[in-house]
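A.B. asks: Below is the sequence, then the predicted model.
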2 protein chains.
Amino acid sequence: MPELRKDPVIGRWVIIATERAKRPHDFTTSPEGPVEGECPFCEGKEEKTPPEIFAFRKPNTQRNKSGWEIRVVPSISPILRIEGELNRHGAGMYDVMNGIGAHEVIIETPQHIANIADLSEEQIAKVFFAYIERIIDLGRDLRFKYVLVFKNYGWNAGGGRVKHSRSQLMALPVNPKRVKEELLGAKTYFEFKDRCIFCDIIRQELDSGERIIIDSDGIIAFSPFASRFPFETWIIPKHHSADFINSKRQEVFALARIMKLVLSKIKKALNDPSYNYIIHTAPFRIPKKPGYWKTLDEDYHWHIEIIPRLTRVAGFEWGSGFYINPTPPEEAAKYLRELEIG
Amino acid sequence: MPELRKDPVIGRWVIIATERAKRPHDFTTSPEGPVEGECPFCEGKEEKTPPEIFAFRKPNTQRNKSGWEIRVVPSISPILRIEGELNRHGAGMYDVMNGIGAHEVIIETPQHIANIADLSEEQIAKVFFAYIERIIDLGRDLRFKYVLVFKNYGWNAGGGRVKHSRSQLMALPVNPKRVKEELLGAKTYFEFKDRCIFCDIIRQELDSGERIIIDSDGIIAFSPFASRFPFETWIIPKHHSADFINSKRQEVFALARIMKLVLSKIKKALNDPSYNYIIHTAPFRIPKKPGYWKTLDEDYHWHIEIIPRLTRVAGFEWGSGFYINPTPPEEAAKYLRELEIG
């Protein structure tokens, strides 16, 4: 069973994979370019993955057979295990619990297409609808506090060898540190100002306009003021909403449109770079007393962070939590804003 | 002038390089293997670097000429500027200040040797003495709150093209987020327990022994319980000390000995991997009132974190502050502990 261990100073949880542990000779230092084998994610290869958890399918097609549009399967090498008890306990002064969670792969197309930017808007919308379905379903399991949805595209972003568009999700029994920090920052601001900090950011960005990449259908894409990475891009709905899963149907279509446009611009501008995106949404709430979670609805605001992987993160960043960004976000935004697609 | 910008939600400072900004075509996606040109750090090439700030030299040798043992020079491409005012100000809701600071390179040997592990213990001790001299000197500048000393070794660790052993330091006008988190974690623990958390960690590690790699001369090297990375190793003095710069002469020699041994073991075990190390020490203190900083002396404990760069950090880690470590620290420690060197 993998273990979740908590750093006693910083409070960061780390997953320690106790099975299939990597020994020194397991770390290849070869940098790049593994040969791609047979793709297990293509239509017709359904037996190559674990049985599907969820799918959007054409009428009259069978589970784990052809005919699907989006397919969600458990990871073949899951980091966390779905079965078992959390068994939180101490180990001397340290905190530890079993590595309980879900680790799923969202296969975004039956065709062998690498980049989600190259799918149709309609297909991308289906990807987001699948995310919503899975988050809602996993939220019924009271062991889980958070579902992290993310994409690793390309080798430098941890995207692996197989070039078939997919994303991943992990359901977690603890709120990740980064999520907690965001919630706390937003809450502190709300207590001081009685306004959502993200709503204020959106207003300021729209007023100045210099970091806006796209503003359409109630959603903006912009380069954040304190971007950590060159061409870092956030996508956020203009109207206040804490939970991604509460997005209305039309909002999801608008999101798909803007995601396709932004990712196509990044692909064109930066020569098809590796990238990650992460959905930042509010954690699951179990109301312990009436109104307990009210503040979260008011002070948090879901968004998507897209990080092209263009620079290497070195000792300075690891040691300090400090980032050096060689591209001012105003220049990145201007470049992406003015870039014509198609 | 570069800018320091603060993320309004998380409170993380980011350095935005406004000069020599990188445009899209400046990001090469070539992964590896740049050809090494002429080394500017070798003895006899002193004119290839900016004039030296500090050096350990043989008697009767001249500044910026041959005859040095350790040489500290300003970075040829400094991220921060030493001249100017901080000029802290707001930009709407955002916080910004000028990118004032120092960025120096510590050249660790006059010979063209890549890995500090291959220098003599005596030479490594000189490297640490040079760190101490530079931190003390920069601490006299009241604009600076922290000096971060770090090493990027090898291409995957941001070590650049030139294979000549060196480290870097940055003097910063703000305490980095990671440092603040550590200080806060340690302070909170101290308030609760009246004991240094690091002293407690050392005691628990010595009691169990399973994560200890080396225990000698009052310093231990161990794999932390919640290691983020495979073979992550911390080096920490057993006796309580908040400030690395207060290390006594004999302690520095002991540190050099253990650093050489640990880095040699990592080199041998993992086939000369890229790695980073970072010195975690207390920030500069300006006593505003008597006893103001007393708590910091009691509750913080300097140490060095060594991170071999074996795995890729992907979207999940960025998005969550969550790490997945495929090598249990107990196994990493056992392997390094038992590995014979030379």
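C.D. replies: The structure has been received and is ready for your questions.

A.B. asks: The one helix or strand residue A:150 maps to pairs with which strands?
C.D. replies: Assigning secondary structure by DSSP states H and E places residue A:150 in strand A:146-153. Using DSSP bridges, the strands paired with strand A:146-153 in its sheet are strand A:166-172 (antiparallel), strand A:275-280 (antiparallel).

A.B. asks: ok, the residue sitting furthest away from the middle of chain A - contacts?
C.D. replies: The outermost residue of chain A relative to its centre, with distances by Cα atoms, centre = their mean, is residue A:92 at 34.2 Å. Counting by Cβ atoms under 8 Å, 6 or more residues apart in numbering or on different chains, residue A:92 touches B:204, B:207, B:208. Where you see a C-beta, it was placed from the backbone N, CA and C, and this is true even at glycine.

A.B. asks: could you redo the last one with a cut-off of 7 Å?
C.D. replies: By Cβ atoms under 7 Å, 6 or more residues apart in numbering or on different chains, residue A:92 lies in contact with residue B:204.

A.B. asks: tell me the phi and psi of it?
C.D. replies: Here is the backbone geometry of residue A:92 (degrees, to the nearest 10): phi 60, psi -130.

A.B. asks: Please name the bridge partners of the residue nearest to residue A:303 when sequence neighbours are not counted.
C.D. replies: Nearest non-adjacent residue to residue A:303, counting by Cβ to Cβ, 6 or more residues apart in numbering or on different chains: residue A:236, 3.9 Å away. Using DSSP bridges, the beta-bridge partners of residue A:236 come out as residue A:220.

A.B. asks: mind listing what residue A:236 touches?
C.D. replies: By Cβ under 7 Å, 6+ apart, the residues touching residue A:236 are A:198, A:202, A:219, A:220, A:301, A:303.

A.B. asks: Quick one: mean pLDDT for stretch A:226-238?
C.D. replies: Across stretch A:226-238, pLDDT averages out at 95.

A.B. asks: With mean neighbour count and mean pLDDT as extra columns, can I get the strands paired with strand A:146-153 in JSON lines?
C.D. replies: Output for the strands paired with strand A:146-153, formatted as JSON lines (neighbours: other Cβ atoms under 10 Å in any protein chain shown; pLDDT from 0 to 100):
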{"stretch": "strand A:166-172", "mean neighbour count": "24", "mean pLDDT": "95"}
{"stretch": "strand A:275-280", "mean neighbour count": "25", "mean pLDDT": "94"}
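
A.B. asks: Now render those strands as CSV, adding distance to residue B:229.
C.D. replies: As requested, those are arranged in CSV below (distance: least, Cβ to Cβ, whole Å):
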stretch, distance to residue B:229
strand A:166-172, 19
strand A:275-280, 18
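
A.B. asks: can you tell which of those strands is closest to residue B:189?
C.D. replies: For residue B:189, the closest of the strands paired with strand A:146-153 is strand A:166-172, at 24.7 Å, according to Cβ to Cβ.

A.B. asks: what sits up against that closest one?
C.D. replies: A:41, A:75, A:79-80, A:101-108, A:134, A:138, A:144-151, B:316.

A.B. asks: Among the strands paired with strand A:146-153, which comes closest to residue A:187?
C.D. replies: strand A:275-280 (14.7 Å).

A.B. asks: show me what contacts residue A:200?
C.D. replies: residue B:93.

A.B. asks: Try it again at 10 Å.
C.D. replies: A:189, A:193, A:301, B:8, B:92, B:93 (Cβ atoms under 10 Å, 6 or more residues apart in numbering or on different chains).

A.B. asks: do the same with residue A:277
C.D. replies: Contacts of residue A:277 by Cβ under 10 Å, 6+ apart are A:116, A:149-153, A:157, A:167, A:233-235, A:259, A:262-263, A:304-308, B:315, B:318-319.

A.B. asks: now do 7 Å
C.D. replies: For residue A:277, the contacting residues are A:150, A:151, A:304, A:305, A:306, B:315, by Cβ under 7 Å, 6+ apart.

A.B. asks: State whether the fifth one and residue A:233 are indeed in contact, as I suppose.
C.D. replies: Yes - under the contact definition of Cβ atoms under 7 Å, residue A:306 touches residue A:233, with a separation of 4.4 Å.

A.B. asks: Touching both of those two, which residues are there?
C.D. replies: Common neighbours of residue A:306 and residue A:233 (Cβ under 7 Å, 6+ apart) are residue A:262.

A.B. asks: more crowded one of these two?
C.D. replies: residue A:233 (28 against 22; other Cβ atoms under 10 Å in any protein chain shown).

A.B. asks: give the contact list for that one.
C.D. replies: A:213, A:221, A:223, A:262, A:306.

A.B. asks: Name only those of the residues you listed that count as buried.
C.D. replies: Among the contacts of residue A:233, those buried by neighbour count (16 or more other Cβ atoms under 10 Å in any protein chain shown) are A:213, A:221, A:223, A:262, A:306.

A.B. asks: Might you report the residue contacts of the nearest residue to the fourth one once chain neighbours are set aside?
C.D. replies: Translated: residue A:262. Closest residue to residue A:262 apart from its sequence neighbours, by Cβ to Cβ, 6+ apart: residue A:221 at 4.8 Å. Neighbouring residues of residue A:221 by Cβ under 7 Å, 6+ apart: A:213, A:214, A:233, A:235, A:258, A:262.

A.B. asks: mind checking which helix or strand the fifth one is in?
C.D. replies: Secondary structure here is read from DSSP H and E; on that basis residue A:258 sits in helix A:249-269.

A.B. asks: what helices or strands is that helix leaning on?
C.D. replies: For helix A:249-269, the packing partners by 3 or more Cβ pairs under 7 Å, 6 or more residues apart in numbering or on different chains; DSSP states H and E come out as helix A:121-139, strand A:212-216, strand A:219-222, strand A:233-237, helix A:329-338.

A.B. asks: what residues does it touch?
C.D. replies: In contact with helix A:249-269 (Cβ under 7 Å, 6+ apart) are residues A:115-117, A:121, A:124-125, A:128-129, A:213-214, A:216-219, A:221, A:231, A:233, A:235, A:237, A:247, A:273, A:275, A:306, A:308, A:335-336, A:339, A:341, B:24.

A.B. asks: Filter the residues you listed down to just the buried residues.
C.D. replies: Buried subset of the contacts of helix A:249-269 (neighbour count, 16+ other Cβ under 10 Å): A:115-117, A:121, A:124-125, A:128-129, A:213-214, A:219, A:221, A:231, A:233, A:235, A:237, A:247, A:273, A:275, A:306, A:308, A:335-336, B:24.
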